[in-house]
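S.K.: Kindly return the folded structure for what I paste below:
(one chain, ligands or ions: 2)
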Amino acid sequence: MTNLAAALAPSAAATTDAPPPFRIGSEAHKRAFCGVLLDIFDPYKPSILAWPKLSPDAEKRLTGLPFWDVAVETEGHASSRMQAMADTVTDPLIKEAIALNAFEEGRHKLVIRNMLRFYGIPLKEEKSYGAPRDAEWKFICTGYGECFDSFFAFGLFKMAKDSGYFPPELVDVFEPVVQEEARHIMFFVNWVAYCAANKPLLSRLWFRARCLAALAMAGLGRLSLAGAADGGKSDDNFVVSGGEALTVGLTPRRLVEIALAEDTRRMARFNPHLLRPKIMPFLGWMALKVLPKN
Ligand SMILES: [Fe+2]
Ligand SMILES: [Fe+2]
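M.R.: Ligands and ions are numbered 1, 2, ... in the order given. Predicted coordinates for the structure are as follows:
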């Protein structure tokens, strides 16, 4: 079976060529989660994306969104941190996959920059991102941060599409970007499990402790951002500030419901034997138990 068959679950699962199960931490596991990046690669070029002409209202809404500088910086940080991690990895397949992840983050940045240029939205000068001293730590922090952000981004994207807040042609341009984030977090949670499974006990405990710390920091960082409502001025997150603009008139419960449904739909595209990001869907289900119904 090819890596592509192993990475793409539903189409394969529907046939007798369904991917066989594997042990977490095995070579087959590694091929499957690296395949999520390497084999399901969309070779689109940001420079040839067709930006639709917007109505004056839609253009005003786009220009008024408060997070464009932060969006560019978030992608820039992610790209440089992932490339730094790829440079330290010795396993050739994982190295190639993380380098591709870095490339895709850089491409997201280009897509946003090109869009801003096309619609005449000013962008402040980008600062230099610099190489992290502890590449693995920053990679883990970025990975968990993406798990949080992607969950809400899936929901916000669906809302922007269904509400007509932006024309469908503009939303369609961003579809590959959003699905790439789904691939990134699938890769990340499986990479964590693969690394942990292949470490001796003490290193495994240390690695898990670092992961837990990074997860807590990413969660607390987003909570404090939401609480502080800092207008998206942080360099680490733009979902919070974007959410405020895109969810006017929507209840928190509806946002969580949509995000959960979108998360399930996007993750269903991958090999059913791969691990899924579970923390945000779990927190989402918990939130539904306490959020008022209207
Ligand atoms: Fe990205
Ligand atoms: Fe990403």
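
S.K.: Please identify which residue in this protein comes closest to ligand 1.
M.R.: Across the chain, the shortest distance to ligand 1 (Cβ to the ion) belongs to His108, at 3.8 Å. (C-beta placed from N, C-alpha, C; glycine too.)

S.K.: doesn't that residue fall inside a strand?
M.R.: No: counting by DSSP: H, G, I helix; E, B strand; the rest coil, His108 is not found in a strand; it is helix.

S.K.: if I look at it, how far off is Phe282?
M.R.: 27 Å (Cβ to Cβ, to the nearest Å).

S.K.: before we move on, what about Ala214?
M.R.: Taking Cβ to Cβ, one finds Ala214 at 18 Å from Phe282.

S.K.: more neighbours, these two?
M.R.: Taking neighbours as other Cβ atoms under 10 Å, Ala214 and Phe282 compare with Ala214 leading, 21 against 10.

S.K.: Can you tell me the element the more buried one falls in?
M.R.: When elements are assigned from DSSP states H and E, Ala214 belongs to helix 201-228.

S.K.: And for Cys34?
M.R.: helix 27-38.

S.K.: Give me the phi and psi angles of Phe270.
M.R.: The phi/psi pair for Phe270 (degrees, to the nearest 10) reads phi -100, psi 160.

S.K.: what bridges to it?
M.R.: Phe270 has the following beta-bridge partners by DSSP bridges: Leu8.

S.K.: I'd like to know how far it sits from Asn101.
M.R.: Taken as Cβ to Cβ, the span from Phe270 to Asn101 is 15 Å.

S.K.: more neighbours, the two?
M.R.: A side-by-side neighbour count of Phe270 and Asn101, using other Cβ under 10 Å, places Asn101 first with 28 against 25.

S.K.: so what's Leu110 closest to, chain neighbours aside?
M.R.: Nearest residue to Leu110 in three dimensions, chain neighbours excluded: Pro46, at 4.1 Å (Cβ to Cβ, 6 or more residues apart in numbering).
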